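[1] Need the 3D shape of this:
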Amino acid sequence: MKAPLEKIPDHLQEYITEQDPSLYTPIDHAVWRYVMRVSKHFFGKNGHPLYLQGLEATGIATDRIPLVTEMDTALRKLGWRAVVINGFIPPAIFLEFQSLRILAIACDIRKLENLGYTPSPDIIHEAAGHVPIVTDPDYRAYLEDYGEVARNAIITKFDLELYDSIFKLSEIKENPQAQAEDIARAQTEFEAVARRETLPSEAALLTRMAWWTTEYGLLDVDGKPLIYGAGLLSSIQESYHCLDANVKKIPFSLESAIHTSYDITRPQPQLFVAKSFAELREALDGFADTMAFRRGGAYGLEVARTAENTVSVALDNGITLSGIVKEYLLGEDAAPCAFTLSGLKQVSFDGKEIEQVDTHSLSSDLFVPLFSEAALKASPDELKRKIHGSGLTTRSGLRVQGRFKKEIALGRSARIWLLESVKILDQTGKTVFSEPRRHYPLFLASDITSVYGGAADRNSYLLRNRKPVSKVKSHKSNRTPANSELCDLYAKLRSFRDAHHRDPRPLDTIHDALRTLAPKDWLLRLELLELYLKLEPEGVAAARIRNELGELKSESTEMKEMIERGIVSL
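    Next comes the predicted model:
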């Protein structure tokens, strides 16, 4: 087993914040307690075999919202870490955390009215969903493999726009101050962006695989589908019905999973059942073979060009160029002859940025020619004579002319020549690229071995080029002026329970206040019933609470189900 990562890269540190337990309201703790009680009751029979054991092993208690520091301590024993982040983070950043065996945990908690399900990441989803199953070594291996593959996926400009719309919708839905019209507007904007999708990207296909496995996956155990996906484990409403016959159970296959889209705002009409986590690892490896980072060449350049986003192009001499692939040229053999990089650029070797190349002084559109292996076998002096004379011929027949300034030797025969007064001419002598004023780097490579998403040295690239992340030091609180008095009632009941009082009269006071303050609050009534049943199971108060809960069941099908499941789990 690998040791947990101790030093988290600087560019990821910006997304890490702090958990502030004081921001959780007594209602929040009651929501957590309710979810854990009904989850243990249901998933003990219908969840992954290690679900209950995983909760205990990772220090996740029932009666209070867990501390991420406690989960981090437990996960370290498994070679993993846990850190606090603020809700949604960019997909590439989330995948990089996962590739480093770090669970990024959002510490907000859903509002009571969204108890059954919320599209926004929260501590119920992360802690009660993802964390327990990580204790399974086979599942852990799949997560690690997925993180490594997914961090190489090319993310398109459209992917980022879709992420922004999902982020906005989720944040508004969980904002205690949000108005109905704000939510409706964000929903409309999300749907408008989602409808624009045409051909899904590598990242989108991998996201679908994650959705149908790590989020909504079922595992065949002795012929019975059991829940292991965190989206289902944290959605007590959808999970309760997902095993019904009207939800299709499809044997997992890579092709079916990655070509089945999903809607995060609605229950899923079908789920995929895996034979084992080993099957998922094999499927993932098969998909990786189709990706640009393993195929490279012309295929990789085309995937990068259509993405309109930052990628890394790895050359066969060990040098990697990062930027946006604007266009490329192919030879008669359909192999790449040259490509053009635009946007913010980086030049790296062995995963580290080469500081001697000042990328800010490069042309906005950097033309990168490739050469035949035979041409590059010439001596350095011969190559220089050609560059100073008629030109060094590229694979496509272009000629590179200029003045040699200096060489950056990188090892393993990798080298970059910095040239001045550069012209690149076609067979007719027409200039197709020129750099008369600034240094031009010539990379002396013949092929493209890999093309993958993001920059090669992400830490240096992001810290240098990205706008600083707004460092919010805490998550939000669900306490509002409207629910403040109700929070106080929940707090009084919690104090009564924690003190193990035997006199039920303080409960009567809480109940009387509740009837006036929140006649339709079912959760506090459920907690009152639990205590009355322990102290006076045949008393009038317990009967009165049961009657009130019975009346509240008629409010909605969802409330009826929540109340009935809560009573069963008492």
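[2] What separation do you get for the spatially most central residue of the chain and residue 327?
    Nearest to the mean C-alpha position of the chain, by CA atoms, centre = their mean, lies residue 94 at 3.9 Å. Separation of residue 94 from residue 327 (CB to CB, to the nearest Å): 31 Å. (Each C-beta comes from the backbone N, C-alpha and C, glycine too.)
[3] what's the answer for residue 178, then?
    44 Å.
[4] Ok, residue 48 next?
    Residue 48 is 48 Å from residue 327, by CB to CB.
[5] For the two, work out which one has more neighbours and name it.
    Neighbours per residue (other CB atoms under 10 Å) separate residue 48 from residue 327, with residue 48 holding more: 23 against 13.
[6] Hmm, residue 219 and that one touching each other?
    Yes - in this structure, residue 48 is within contact of residue 219 by CB atoms under 8 Å, at 6.4 Å.
[7] Residues in contact with both of these two, list them for me.
    226, 227, 228 (CB atoms under 8 Å, 6 or more residues apart in numbering).
[8] Turn the residues you listed into TSV, including secondary structure and distance to residue 31.
    Output for the shared contacts of residue 48 and residue 219, formatted as TSV (DSSP: H, G, I helix; E, B strand; the rest coil; distance: CB to CB, whole Å):
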residue	secondary structure	distance to residue 31
226	strand	25
227	strand	20
228	coil	23
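[9] how about the strands in the stretch 401-550 of the chain?
    414-425, 431-435, 440-442, 448-453 (DSSP state E, counting those that start in this stretch).
[10] just these: most buried one?
    strand 448-453 (a mean of 24; mean count of other CB atoms under 10 Å).
[11] Output the below-cut-off pLDDT ranges for the protein.
    87, 174, 197, 467-474 (pLDDT under 70).
[12] mind giving me the domain ranges of it?
    The chain is divided into the following domains under automatic domain parsing: 10-286, 296-465, 484-568.
[13] For stretch 446-453, output the C-alpha coordinates as CSV.
    What follows is stretch 446-453 as a C-alpha-only set of coordinates in CSV (Å, rounded to 0.1, in the frame of the first residue of the first chain):
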residue,chain,number,x,y,z
SER,A,446,10.3,14.1,-34.9
ASP,A,447,7.1,12.7,-33.4
ILE,A,448,4.3,13.3,-30.9
THR,A,449,4.0,10.5,-28.3
SER,A,450,1.2,11.8,-26.2
VAL,A,451,-1.4,14.6,-26.0
TYR,A,452,-3.2,15.1,-22.7
GLY,A,453,-5.3,17.6,-20.8
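[14] packing partners for the top helix by length along the chain?
    In the chain, assigned by DSSP state H, the helix with the most residues is helix 26-46. For helix 26-46, the elements it packs on are helix 51-57, strand 224-227, helix 236-242, helix 484-498, helix 523-535, helix 557-568, judged by 3 or more CB pairs under 8 Å, 6 or more residues apart in numbering; DSSP states H and E.
[15] Point out the most buried one among these.
    Among the helices and strands packed on helix 26-46, highest average neighbours (mean count of other CB under 10 Å) belong to helix 523-535, with a mean of 21.
[16] Let me know the angle separating that helix from helix 557-568.
    20 degrees (axes from the mean of the first three to the mean of the last three CA atoms, to 10 degrees).
[17] Residues contacting helix 523-535, please?
    With CB under 8 Å, 6+ apart as the test, helix 523-535 has contacts from 27, 30-31, 33-34, 112, 115, 486, 489-490, 493, 496-497, 502, 504, 507, 510-511, 514, 518, 539, 541-542, 545-546, 548-549, 552, 563, 566-567, 570.
[18] Only whichever of those are buried, select them in ChimeraX.
    The following ChimeraX line selects those of the contacts of helix 523-535 that are buried, judged by 16 or more other CB atoms under 10 Å:
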select :27,30,31,33,34,112,115,486,489,490,493,496,497,504,507,510,511,514,518,541,542,545,548,549,552,563,566
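[19] So residue 347: helix, strand or coil?
    Of the three states, residue 347 takes strand under DSSP: H, G, I helix; E, B strand; the rest coil.
[20] What strand or helix carries residue 326?
    Here residue 326 sits within strand 319-330, counting by DSSP states H and E.
[21] What pairs with that strand, parallel or antiparallel?
    Sheet pairing for strand 319-330, assigned by DSSP bridges, gives strand 311-315 (antiparallel), strand 336-349 (antiparallel).
[22] I'd like to know which of the strands of the stretch 401-550 of the chain is closest to residue 257.
    strand 448-453 (20.4 Å; CB to CB).
[23] Show residues contacting that closest one.
    Taking CB under 8 Å, 6+ apart as the rule, strand 448-453 contacts 92, 151-155, 202-203, 291-297, 300-301, 303-304, 307, 309-316, 325, 336, 339, 370.
[24] on that earlier part again, closest to residue 267 out of the shared contacts of residue 48 and residue 219?
    Nearest member of the shared contacts of residue 48 and residue 219 to residue 267, counting by CB to CB, is residue 227, at 13.8 Å.
[25] so how far is the first residue of stretch 244-260 from its last?
    20 Å (CA to CA, to the nearest Å).
[26] for stretch 318-338, that is, sorry about that
    17 Å.
[27] Noted, bye for now.
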